[in-house]
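K.L.:
Coordinates for the following, if possible.
(one chain, ligands or ions: 1)
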Amino acid sequence: MSKLLDVQGIRAGYGAVPVLHGIDIHLSKGEAIGLFGPNGHGKSTLLRVISGLLRPSEGKIAFDELDVTDARPATIVAAGLVHAQQGNAMFGDMGVEETLELSAFSPRAREGWKERLEEVHALFPRLAERRRQRARTLSGGERQMLSIGCAMMCAPRLLILDEPTLGLSPRLKSELREAIDTIAKKGVPLIVVEQDVEFLLALTQRLYLIEQGEVVREIDQDNTPDHQEIMDMYFGEQAH
Ligand SMILES: Nc1ncnc2c1ncn2[C@@H]1O[C@H](COP(=O)(O)OP(=O)(O)OP(=O)(O)O)[C@@H](O)[C@H]1O
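P.N.:
I've put the predicted structure just below:
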């Protein structure tokens with residue numbers, strides 16, 4: 001299968017502090033992949049580099065054979081590579097529906113935006129119920145839904161989700177997971193960062209374990225770890 005995303009030799013960091021030490025990952029057309037690993041080891045940094053929010057010091061990123069290594073974030077979104085922002089990064093005084101509509105800003109996303117809005121409302125009925133409510137008055141879980149809804153309004157050809165259920169109650173978590181599962185079943189390629197490896201294994205075809213700014217293991221359906229192996233990956237041998 002041909003590659004939709006090809007990330008090669010990425011090194012990046014903040015100021016003089018290096019975080020990523022030469023990351024290679026890829027994603028085929030129609031594939032969903034997951035990233036997991038300990039906190040603070042560079043997963044979000046890698047996603048920021050892929051979506052153009054942080055410049056790498058070395059390496060190359062190709063999206064559907066287009067070199068996007070130095071592209072601006074808006075250009076990357078317009079090409080269809082969309083990173084759902086955490087729920088607090090939106091215009092709080094705007095209404096829910098207005099925010100969704102505005103997200104379909106690129107010419108590609110503009111076409112068919114009304115149908116896409118219906119799809120988002122079907123995914124997240126709470127957003128339909130709250131269509132006139134100001135975004136800043138939404139609960140944490142509803143903001144997270146709005147954030148994914150906005151990303152869906154961009155007509156993603158690849159959707160990036162960074163810990164989409166972090167800090168949510170079990171009920172909201174399962175509501176969101178169901179919606180993410182529906183998005184995957186619609187055939188939208190995904191990169192998902194999650195701590196819950198079992199959820200990732202069910203949702204995606206392949207996982208990368210990232211530790212200290214490097215890919216240390218790749219997992220696919222043929223080498224699925226058992227529960228103990230997963231514990232070892234997180235905590236080392238002391239998990240025994
Ligand atoms: N804006 C920033 N400025 C400086 N350092 C940062 C910044 N953002 C992240 N870092 C540092 O970069 C390292 C990697 O952070 P990153 O958020 O990429 O990790 P992560 O694997 O996504 O962790 P988590 O699961 O906790 O979000 C950490 O040491 C973090 O403190």
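
K.L.:
is the residue nearest to Q195 when sequence neighbours are not counted in a bridge, and if so with what?
P.N.:
Excluding its sequence neighbours, the residue lying closest to Q195 (CB to CB, 6 or more residues apart in numbering) is F36, at 6.6 Å. Glycine gets a C-beta too; all of them are placed from N, C-alpha and C. On the basis of DSSP bridges, F36 is bridged to L209.

K.L.:
hang on, F36 packs against L207?
P.N.:
Yes - using CB atoms under 8 Å, F36 makes contact with L207 at a distance of 6.2 Å.

K.L.:
who touches both of these two?
P.N.:
Contact criterion CB atoms under 8 Å, 6 or more residues apart in numbering; residues shared by F36 and L207: 197, 200.

K.L.:
Relative to D222, how far out is V192?
P.N.:
20 Å (CB to CB, to the nearest Å).

K.L.:
When these two are compared, which one has more neighbours?
P.N.:
V192 (22 against 5; other CB atoms under 10 Å).

K.L.:
Just the local confidence number for the more buried one, please.
P.N.:
On the pLDDT scale, V192 is placed at 97.

K.L.:
Tell me which other helices or strands the top helix by length along the chain touches.
P.N.:
The longest helix of the chain (DSSP state H) is helix 170-185. If contacts are counted by 3 or more CB pairs under 8 Å, 6 or more residues apart in numbering; DSSP states H and E, helix 170-185 sits against helix 113-123, helix 140-153, strand 190-193, helix 197-203.

K.L.:
Pull up the pairing partners for the third one, direction included.
P.N.:
Yep, that's strand 190-193 we're talking about. With DSSP bridges as the test, strand 190-193 pairs up with strand 32-36 (parallel), strand 158-162 (parallel).

K.L.:
Figure out which of those strands is closest to the ligand.
P.N.:
Nearest of the strands paired with strand 190-193 to the ligand, taken as CB to the nearest ligand atom: strand 158-162 at 7.3 Å.

K.L.:
Tell me what angle that closest one forms with helix 140-153.
P.N.:
160 degrees (axes from the mean of the first three to the mean of the last three CA atoms, to 10 degrees).

K.L.:
And for stretch 178-197, what's in contact with it?
P.N.:
The contact list for stretch 178-197 (CB under 8 Å, 6+ apart) reads 4-5, 27, 29-36, 43-44, 47, 50, 123-124, 145, 148, 152, 156-165, 200, 203-204, 207, 225, 230, 233.
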